[in-house]
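>>> everything below, folded, please.
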Amino acid sequence: MELGIRAGRLFTPHEERTDVFVAVEAGTIQSVEPFRRELPTQVKTFVDARDSIVVPGLVDLQVNGGLGHNFRKAGGAQRHAIYQFFLRHGTTALVPTLVTDEPSALAAALSALAEDVTGSTGILPVNSHGQDTRATWDQPEILGLHLEGPFINPERRGAHPVRHIRPPDLPLARELFEAAHRRIAILTLAPELDGAMPLIRWFADEGIVVSAGHTTASCDAVLRACDEGLRLLTHMGNVSDWPHRRKNKAGILASEPGAVGAFMISDRLRGTVILDGYHFDPRLAAVLVRLRGPQSMALISDASYATGCPPGEYDDGLVPTTVHPDGYAYATGGGGWLAGSVVTLAQALQIAVQKGGVALRDAIEMATLTPARILGIETRKGRIAPGADADLVFLDDQLAVTRVFRCGHEVARPGETKEAGRL
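Okay, the predicted model is just below:
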């Protein structure tokens, strides 16, 4: 056996176990069993992690870039640096995300990013040269692409540039899907807009996760969209409505559950939340977890291109962004809108537990197994079990990342290399 790890505390995440031995061969977990003294002699490399919390590799469904580079324009070397940054911080699988832009720019960016996709349901783990790239262990597995816009509601645009927002357009959406070499994994749109339902139905039929976001949709509109294949809410509570008052046909301000209310009502929906301490009050996370369970909510970073950069002003040519010393990013001169976050998924997990009061096992599930379930890859990602990929993260008692293993290989630790500089 190539690798054996003795974990003092391990989350599968279905259960917590203590003093466990994990055996790895050819990048795959072979066994998870109680530690016995003779086991270390049966492996080539033994790692003693009795002082660590061992969890599955983190899976992030929404990453916009990092180190000052947006995936919209980043070249291959820049993308690789971004991927390595997140890998060192515990994200062993991620979905690069593109926000609203002009169609030609989106098509070009999707085409370039498609080269990086290494695995997802219905997506072959090969590059354009026919080479299997799943075994690449010096970067996270790229699970597909997330297209967030341009079919969103201008009233809930957030930091998205209003000039590029478009009504739902199925021919255009299909062009973008082909430009991405059919490697879009998640599409975020506003389901209340005219033309949204045919688009939802078509993408759902293609096996794409269709998500509601940047939306003013009523609860009923979201539930109707579920009938067509909608299955997710993107960054719940941010540019999507909570229960509120809305005028009915009689002009009375009646109760309206909103998009988040639809999540609370329907078990057909899962949702993602940005727990950076600014987008979503972490105290609400534990309440929603108690209501729907950790299997229904995924933590995301929604990391902006300024993640990993020091405080200051940055400009990617689309969304000028200011990073505040307190640890958040906002659209420069953009009316107070947050512009993604500047946290990693591991930091979001810390915030969920330490500020939100979410149980540690639940928070781990929300950052690992739940996003894997959303993409339909839960047999090999998001869990520590025989047959799963050997993507493992070691945490200390404060839930800070100390070591990361990708496909059974240890990667550089956080802070070992220079990560960011001002543009």
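
>>> got a list of what the nearest residue to Leu87 once chain neighbours are set aside touches?
Distances taken as C-beta to C-beta, 6 or more residues apart in numbering place Pro140 nearest to Leu87, at 4.9 Å, with adjacent residues excluded. Where you see a C-beta, it was placed from the backbone N, CA and C, and this is true even at glycine. Contacts for Pro140 (C-beta atoms under 8 Å, 6 or more residues apart in numbering) come out as 57, 83, 86-87, 91-94, 406.

>>> do Phe263 as well
For Phe263, the set of contacting residues under the criterion of C-beta under 8 Å, 6+ apart consists of 233, 236, 269-271, 288, 292, 296.

>>> roughly how far apart are it and Trp242?
Distance, Phe263 to Trp242, by C-beta to C-beta, to the nearest Å: 10 Å.

>>> can you check Pro140 too?
Pro140 sits 32 Å away from Trp242, taking C-beta to C-beta as the criterion.

>>> same thing with Arg292?
From Arg292 over to Trp242 the distance is 15 Å, taken as C-beta to C-beta.

>>> more neighbours, these two?
Neighbour count, other C-beta atoms under 10 Å: between Arg292 and Trp242, Arg292 has more, with 18 against 14.

>>> can you check the pLDDT for the more buried one?
Confidence at Arg292, expressed as pLDDT, is 96.

>>> for it, phi and psi?
Reported as degrees, to the nearest 10, the phi and psi values for Arg292 are phi -110, psi -20.

>>> who touches it in this structure?
With contacts defined as C-beta under 8 Å, 6+ apart, Arg292 is in contact with 263-264, 267.

>>> export these to a markdown table and tack on pLDDT?
Compiled in a markdown table, the contacts of Arg292 are given as follows (pLDDT from 0 to 100):
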| residue | pLDDT |
| --- | --- |
| Phe263 | 96 |
| Met264 | 95 |
| Asp267 | 95 |
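
>>> nearest to Phe46, of the residues you listed?
Of all the contacts of Arg292, the one with the least separation from Phe46 (C-beta to C-beta) is Asp267, at 43.7 Å.

>>> who touches that closest one in this structure?
292, 296.

>>> so it, which state does it fall into?
Assigned with DSSP: H, G, I helix; E, B strand; the rest coil, Asp267 falls in the coil class.

>>> which phi and psi does it have?
On the backbone of Asp267 - angles per degrees, to the nearest 10 - the values are phi -80, psi 0.

>>> equivalent analysis for the one 3 residues further on, please.
The main-chain torsion angles of Arg270 are listed as degrees, to the nearest 10 and equal phi -110, psi 170.

>>> the one 10 residues further on too?
The main-chain torsion angles of Phe280 are listed as degrees, to the nearest 10 and equal phi -140, psi 120.

>>> could the contacts of Arg292 be laid out in CSV, adding distance to Gly317?
Shown next, in CSV, are the contacts of Arg292 (distance: C-beta to C-beta, whole Å):
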residue, distance to Gly317
Phe263, 34
Met264, 39
Asp267, 42
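
>>> could I get the full set of helices for the stretch 301-423 of the chain?
Under the criterion DSSP state H, counting those that start in this stretch, the stretch 301-423 of the chain carries helices at the ranges 345-354, 360-367, 369-375.

>>> and the ones you listed: which comes nearest Gln30?
Using C-beta to C-beta as the criterion, the shortest distance between Gln30 and the helices of the stretch 301-423 of the chain is 19.6 Å, found for helix 369-375.

>>> can you give me the strands for the stretch 201-350 of the chain?
Remark: strands of the stretch 201-350 of the chain, listed N- to C-terminal, are 209-212, 230-233, 244-247, 253-256, 270-274, 297-300, 312-314, 321-324, 328-331; assignment by DSSP state E, counting those that start in this stretch.

>>> any chance of these in TSV, with distance to Arg201, mean pLDDT and mean neighbour count too?
Conversion of those to TSV gives the following (distance: least, C-beta to C-beta, whole Å; pLDDT from 0 to 100; neighbours: other C-beta atoms under 10 Å):
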stretch	distance to Arg201	mean pLDDT	mean neighbour count
strand 209-212	9	98	27
strand 230-233	10	98	24
strand 244-247	26	82	12
strand 253-256	25	82	12
strand 270-274	19	97	25
strand 297-300	24	98	28
strand 312-314	39	93	16
strand 321-324	35	92	20
strand 328-331	33	88	22
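
>>> fine by me, we can end here.
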